[in-house]
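>>> Kindly return the folded structure for what I paste below:
(chains A and B)
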Amino acid sequence: MSATGIGAAVRRKEDHRFITGQGRYTDDINRPGQVHAYFLRSPHAHAIIKAIDTEAAAGMPGVIGIFTGADLAADKIGGLICGWMIHNKDGTPMRAGPHPALAQGKVRYVGDHVAVVVAETLAEAKDAAEAIAVDYEELPAVVDTGTAAGAKTVIHDEAPDNTVFNWHLGDREAVEKAFRAASHVTKLDLVNNRLVPNAMEPRAAVGDYDAGEGVFTLYTTSQNPHVARLVLSAFIGIAPENKLRVIAPDVGGGFGSKIFIYAEETVCVWAAKKVGRPVKWTADRTEAFLSDAHGRDHVTHAELATDAEGRILGMRVKTTANLGAYLSTFSSSVPTYLYAPLLSGQYDIPAIYCEVDAVYTNTAPVDAYRGAGRPEATFVVERLIEVTARQLGKDPARFRMQNYIRRFPHQTPVIMMYDTGNYGASLKKALEMIDYKGLGKRKRDSARAGKLRGIGFSSYIEACGIAPSAAVGSLGAGVGLWESAEVRVNPIGTVEVLTGSHSHGQGHETTFAQLVSDRLGISIDNVSIIHGDTDKVQMGMGTYGSRSGAVGMSAIFKALDKVIAKGKKVAAHVLEADEADIDFADGHFAVKGTDRKLDFGSCALQAYVAHKFNGQELEPGLKEGAFYDPTNFTFPAGVHICEVEIDPQTGVTRIERWAAVDDFGNVINPMIVEGQVHGGIAQGVGQALLEGARYNADGQLVTASFMDYTMPRADDLPSFDVGMTVTPCPSNPLGIKGCGEAGAIASPPAVINAITDALGHEEIAMPATPQAVWRAARKSMNRMAAE
Amino acid sequence: MYAFTYHKPTSARQAATLLAKKEDAKLLAGGHTLLPTMKQRLAAPSALVDLGACADLKGIAVKGRNVVIGAMTTHAEVAASPEVQAAIPALAYLAGHIGDPHVRHRGTIGGSVANNDPAADYPAALLALGATVVTNKRKLSAEEFFTGLYETALDEGEIVTRVSFPVVSRAGYAKFRNPASRYAMVGVFVAKRGGEVRVAVTGAGEGGVFRWPEAEAALKARFAVKSLDGLKHTADGINGDIHADPEYRAHLIGVMAKQAVAQATGK
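Residues are numbered from 1 along each chain as shown, chains lettered A, B, ... in the order given. Got it, this is the predicted structure:
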């Protein structure tokens, strides 16, 4: 292993500019003549717009233009789309209402876009927005996930019972049979709480129009600028792809929320031509709370059947998923194909049946958020497993070990074919790290101090990469989910890699350069990673679903293969040897069995000067591209164990210990991977203990600021003990599985299993706030006193 | 934020003059409540009178049996003051646990008491210690000064200039933070001065800071944690929100009172 190659804990190249304030985010971009957009948003959760009077506002200082949904419609600008088609149980397509970028006749959530004011300054735009008179006829709001389908109020005429789809997966009859044969059935009702993503950088957009060339440029906070261009071009109708450039510069965190194509960037790029000036918008934090796509929000009933020996026979799950007021870009895939196929967890479960009803409500749209469907599935599986072990009187670690899948490949009853893994090894290692043997003493010590101590397990699995393309296409995806790469070698041997992946905190500029350094034997300082600009990178699918390593880097790997193959041809001419006799290793092309060799930089120079070969037998230059489509999803898996201590007097839960053992396959940069694990656990602990988006009955977001929405802070978290096991992934050339979401997927059930262990009962929901835990602990104390 | 004029006088007297002259003017101390409210366009003063350059409003002095703190003294200055640490360590502790470091280096004692946020820490200290609020016009006891939620006895144009705390024999402060905002969800300050004991509660009351007479009586009999055993505060008149309903908050008053007494008695 070289100091900067695969497996080295190289410090992040990009951090110098980030920590010295030299990052370049969308809000840092200012175009000559730029003006500002401010969106007038609905104060009501559900209302008919009877009239919008913009006359007074239009005459206010600095105002350049005020536009409403009617203006977009007049320009034939289409609505926002949902790019994943789900079919109902009866085979009919899902029932989706239109999603205009600016409201047309109706608003459906607080924060919905009513009009946009474009003015010389932001303050002037805000002043004018206050002068717009909107005549609303308020309608009752539908807010609650569990009862939306039965509500009298209808949000979209296209979905008369507020139901987008009734979908299912698995073999219902096989599951019924399994439950009939069971000696024990565990039943659980679970809520997966709604979350607000809260990336550090709020969403922003700058739209620009070059009237001379007829070209639009959009700078935007996107995880996938090429997908944004595709949607804005082919579906929304801003301009043909060759007349629309989308740039996603430095992006300060996404967690899924910046995958989607939103109203604001659509309006900014359209308005730039309309007003003949560049148009800028940056969300303030309140707008982010109200209008970023939220995450999770499931209500589930789940059951697990076991036989007399404690073997799992079957699982059935019924989930209602809240998709909010409109279908966001990938919303329909999250509670379906990113959820139910993970319900087998790490266990050999012969029969699984899952039903999902997706509902509209008068709340912000809900879409993918770190883990996207997989945290929801893992929460169901790991809560069921833990509670079953308790009800059967079995040790939860042993019960898991008994039911783990041991032979690979393993076909689950819910689509997935697990390729490789060693679940028992991760569990054993995690048990040692947490000192499971010492738990009894620690529990007694806590009890003596008047505290309640508990331990919780989570044996998670996830599916990453969201590919192969043909597979996701057959499940309803509107796009292919391959990735592209182009490797441009310069004449003196430095390298630029153009990738369709997008870094918004992951450290691609470092890890991707490590791959190039490793394969070409050159310094990582001689490698630049270029991403996030549709004029530079031809096409790409972006970063989400922990796919940039497994899919994005595999594309680079494939392009590097081609570069090396071409280099061998050049070297053969220079070294006057047969191409078949040229080896490439440690940065040198060498003639087998001789000391004749050519370093990579010299080979690049020879490729460009082209003096040693003629252009008819070998093309000059050294530049290769590749598209890579995997053969399977990847299946990162692991075991997280959480140990908590509860103060029953205050209800405060302290996480005392955390052991995480993850199998991510081969690892490029262990430091970056560990950072991803830390961040993921922090978000998962946030969901379990702290975070929860709450709407009141009128559809007002009660938790619309950090005064009421609890983000995890450093002092809420313990020091994590992170370990790894490795089974290389067989479906990509690097053996990578992906690590970006694992922490957020694994941790919520680990925390709740620990809390319920401490409490001695299962009656606690997420977030387990001090108030909720105090009440639950009081119940425990009363029961203990009664016994 | 709407447009406003900005003034930066160099003395309390100049500030009072400006305040009287400008209609709809607001005083700016640390700005932690006022500025966010203005940014959200929920407040629109025509003028801001920044007290930051008024040297006569700053500083900490021990005068006889009192600690006198200028209104524009920051929380960080109070927390780090050797005089306060020696005379009333619980007060230094309270100041050192307000908000976060940014807040403590901008926020001021005068701003905090004049705003009388029901979740602020200082009102509990003033009430429990029997402090005196000194304005440019008069002196008020803490009980006279705090009149209700975000309300004080301050008249139009009246400026808090300093707060005078009598030195007590024992004092302690404990708070349970709101998980999101980290303001005091319940904060209890206990103080023993001669034979008198005061227990003041912030964060919990529907009408702002208040005293808990039952706990005071119990602690007067014997100033020890055990004296509070079995004592429960009623949930009547206690705040409720998504973080804590009245029942939970009332329970926390008892828990925090014990912690405060433990701190005061070193146990």
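>>> From chain B, how far out is the residue lying closest to residue A:418 once chain neighbours are set aside?
Of all residues not flanking residue A:418 in the chain, residue A:410 sits nearest, at 4.5 Å (CB to CB, 6 or more residues apart in numbering or on different chains). C-beta coordinates here come from the backbone N, C-alpha and C atoms, glycine included. From residue A:410 across to chain B, the span is 42 Å (CB to the nearest CB, to the nearest Å).
>>> What of residue A:92?
When residue A:92 is compared with chain B (using CB to the nearest CB), they lie 40 Å apart.
>>> returning to what we had before: show me the contacts for the residue nearest to residue A:418.
A:348, A:417, A:418 (CB atoms under 8 Å, 6 or more residues apart in numbering or on different chains).
>>> Next, it: phi, psi?
phi -120, psi 120 (degrees, to the nearest 10).
>>> What values do phi and psi take at residue 221?
Answering for chain A, as no chain was given. According to degrees, to the nearest 10, residue A:221 has phi -80, psi 80.
>>> You answered for a different chain; I wanted chain B.
The phi/psi pair for residue B:221 (degrees, to the nearest 10) reads phi -60, psi -50.
>>> Excluding sequence neighbours, find me the nearest residue to it.
Using CB to CB, 6+ apart, the nearest residue to residue B:221 is residue B:227, at 6.4 Å.
>>> Count the residues that sit near the one you found.
Residues near residue B:227, counting by other CB atoms under 10 Å in any protein chain shown, number 19.
>>> What of residue A:609?
10.
>>> repeat for residue A:74
10.
>>> Domains in chain A, by residue range?
Per automatic domain parsing, the structural domains of chain A span A:31-139+A:200-253+A:258-291, A:298-466+A:632-786, A:483-628.
>>> distance between the last one and the chain's centre?
I take that to be domain A:483-628. 29 Å (CA atoms, centre = their mean, to the nearest Å).
>>> Contact residues of chain B facing chain A?
B:1, B:3, B:40-41, B:176, B:179-181, B:242-245, B:248, B:251-252, B:255 (CB under 8 Å from any CB of the partner chain).
>>> Can you tell me which residues in the stretch 651-787 of chain A are near chain B?
So the stretch 651-787 of chain A meets chain B at A:651, A:690, A:694, A:702-703, A:706-711, A:769-771, A:774-775 (CB under 8 Å from any CB).
>>> Longest helix of chain A, counting residues only.
Using DSSP state H, we find that the single longest helix of chain A is helix A:554-574.
>>> which residues in the stretch 601-750 of chain A form helices?
Applying DSSP state H, counting those that start in this stretch to the stretch 601-750 of chain A gives helices spanning A:670-685, A:742-759.
>>> Repeat that for chain B.
Under DSSP H, chain B gives helices at B:12-21, B:34-39, B:75-80, B:82-87, B:89-96, B:101-106, B:109-115, B:122-129, B:142-145, B:213-221, B:246-265.
>>> So which elements touch the longest one?
By that I understand helix B:246-265. helix A:770-786, helix B:89-96, strand B:170-177, strand B:184-193, strand B:196-202 (3 or more CB pairs under 8 Å, 6 or more residues apart in numbering or on different chains; DSSP states H and E).
>>> Same list, these, but as CSV with mean neighbour count, mean pLDDT and distance to residue A:39 please.
As requested, the helices and strands packed on helix B:246-265 are arranged in CSV below (neighbours: other CB atoms under 10 Å in any protein chain shown; pLDDT from 0 to 100; distance: least, CB to CB, whole Å):
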stretch, mean neighbour count, mean pLDDT, distance to residue A:39
helix A:770-786, 17, 92, 35
helix B:89-96, 22, 98, 41
strand B:170-177, 24, 98, 34
strand B:184-193, 28, 98, 34
strand B:196-202, 25, 98, 39
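>>> Between those, which one is closest to residue A:532.
Distance to residue A:532, taken as CB to CB, is lowest for strand B:170-177 among these, at 39.9 Å.
>>> so residue A:36 sits right up against residue A:281, yeah?
Yes - counting by CB atoms under 8 Å, residue A:36 does reach residue A:281; the two are 7.1 Å apart.
>>> Neighbour count for the two, which is higher?
residue A:281 (26 against 23).
>>> and among the helices of the stretch 601-750 of chain A, the most buried is which?
Among the helices of the stretch 601-750 of chain A, the stretch with the highest mean neighbour count (mean count of other CB atoms under 10 Å in any protein chain shown) is helix A:742-759, at a mean of 29.
>>> Skip the chain neighbours and tell me the closest residue to residue A:543.
residue A:502 is the one closest to residue A:543 (CB to CB, 6+ apart), at 4.5 Å.
>>> returning to what we had before: can you say which of the helices of chain B is packed in most?
helix B:122-129 (a mean of 29).
>>> now the angle from that helix to helix B:246-265?
60 degrees (axes from the mean of the first three to the mean of the last three CA atoms, to 10 degrees).
>>> I'd like the average pLDDT over helix B:122-129.
Mean pLDDT, helix B:122-129: 98.
>>> Can you name the residues in contact with that helix?
B:88, B:90-91, B:94-95, B:98, B:109, B:112-113, B:116, B:131, B:133, B:142-143, B:145-146, B:163, B:165-166, B:168, B:171, B:173, B:184, B:187-191, B:193, B:198-202, B:208-211.
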